[in-house]
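Novice: test case, fold it:
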Amino acid sequence: MTPTVRMFSRGAAVASIVVLSTALAGCSLLNGFIGTDVQGEGESTDIFSIVVGDCVNDGVAEGTISSVPTVPCSEPHDSEVYAAVYLEDQDFPGDDAILNEADTLCLAEFAGFMGVEYEASIADIQYYFPTELTWASGDREVLCLVYETDGAGNSIQTVGSLEGTGR
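Specialist: Got it, this is the predicted structure:
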């Protein structure tokens, strides 16, 4: 299954996050480490075991990953899974199509979780998404993650859930 300026400038960031590949045999996280697991504090959790409400220390990573460190949301963490959305069951549409759809679906879920529209928020998103390999085994899930920024687009750790914060 895995941004940072403002809405359309953040679209580039979202595209960066979408480029993050999560590889649980092929999940992707938009932002960075190809063929590696994300390192950080927390219990290493298989990417396919991550669910809405989990908090992770994944940094803003890119590339294909198979596990990420999870921590209780009451502890400092990099991001929180705020939605799980599903892509249409069809032939593998390609990474660009998946990223575009993930952007659309995750952004649609943002305001309901955060209590503020994406464009007005200082938070940003990234997601874990299927790769061609996981797609072939039926993976259609995109996990949407939110992370807090300092207002200038720099990722900062959060303590507690971002749900309903209106930030």
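Novice: okay, and the closest residue to residue 42 other than its chain neighbours sits in which element?
Specialist: Once flanking residues are discounted, residue 42 sits nearest to residue 69: 3.1 Å by CB to CB, 6 or more residues apart in numbering. Bear in mind the C-beta positions are built from the backbone N, C-alpha and C, glycine included. Using DSSP states H and E, residue 69 maps to strand 67-71.
Novice: in its sheet, what does that strand sit against?
Specialist: The pairing partners recorded for strand 67-71 under DSSP bridges are strand 43-46 (antiparallel), strand 55-56 (antiparallel).
Novice: the helix or strand just after that strand to strand 67-71, inter-axis angle?
Specialist: Remark: after strand 67-71, the chain's next helix or strand is strand 79-86, criterion DSSP H and E. For strand 79-86 against strand 67-71, the angle by axes from the mean of the first three to the mean of the last three CA atoms, to 10 degrees is 120 degrees.
Novice: tell me which residues are up against strand 79-86.
Specialist: 50-56, 58, 73, 102, 105-106, 109-110, 113-114, 126, 140-147, 158, 161-163 (CB atoms under 8 Å, 6 or more residues apart in numbering).
Novice: just the element for the spatially most central residue of the chain, please.
Specialist: Centroid-nearest residue in the chain: residue 127, 2.2 Å away (criterion: CA atoms, centre = their mean). Using DSSP H and E, residue 127 falls within strand 124-130.
Novice: what do you get for residue 147?
Specialist: Per DSSP H and E: residue 147 is located in strand 141-149.
Novice: counting by contacts, list what the next helix-or-strand element following that strand packs against.
Specialist: The element immediately downstream of strand 141-149 (helix or strand, assigned by DSSP H and E) is strand 155-156. If you count contacts as 3 or more CB pairs under 8 Å, 6 or more residues apart in numbering; DSSP states H and E, strand 155-156 packs onto strand 141-149.
Novice: how far is the longest helix anywhere in the chain from where the chain is centred?
Specialist: Longest helix in the chain, counting residues (DSSP state H): helix 95-114. Relative to its parent chain, helix 95-114 has a centroid offset of 10 Å by CA atoms, centre = their mean, to the nearest Å.
Novice: and it, C-alpha only, in CSV?
Specialist: The C-alpha trace of helix 95-114 is given here as CSV (Å, rounded to 0.1, in the frame of the first residue of the first chain):
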residue,chain,number,x,y,z
ASP,A,95,1.1,3.8,-10.7
ASP,A,96,0.0,7.2,-12.1
ALA,A,97,-3.6,6.2,-12.2
ILE,A,98,-3.4,4.7,-8.7
LEU,A,99,-1.8,7.9,-7.4
ASN,A,100,-4.4,10.1,-8.9
GLU,A,101,-7.2,8.0,-7.5
ALA,A,102,-5.5,7.8,-4.1
ASP,A,103,-5.2,11.6,-4.1
THR,A,104,-8.9,12.0,-4.9
LEU,A,105,-10.2,9.4,-2.4
CYS,A,106,-7.9,10.4,0.5
LEU,A,107,-8.6,14.1,0.0
ALA,A,108,-12.4,13.3,0.1
GLU,A,109,-12.0,11.7,3.5
PHE,A,110,-9.8,14.5,5.0
ALA,A,111,-12.3,17.0,6.2
GLY,A,112,-14.5,14.4,7.8
PHE,A,113,-11.6,13.2,9.9
MET,A,114,-9.8,16.5,10.6
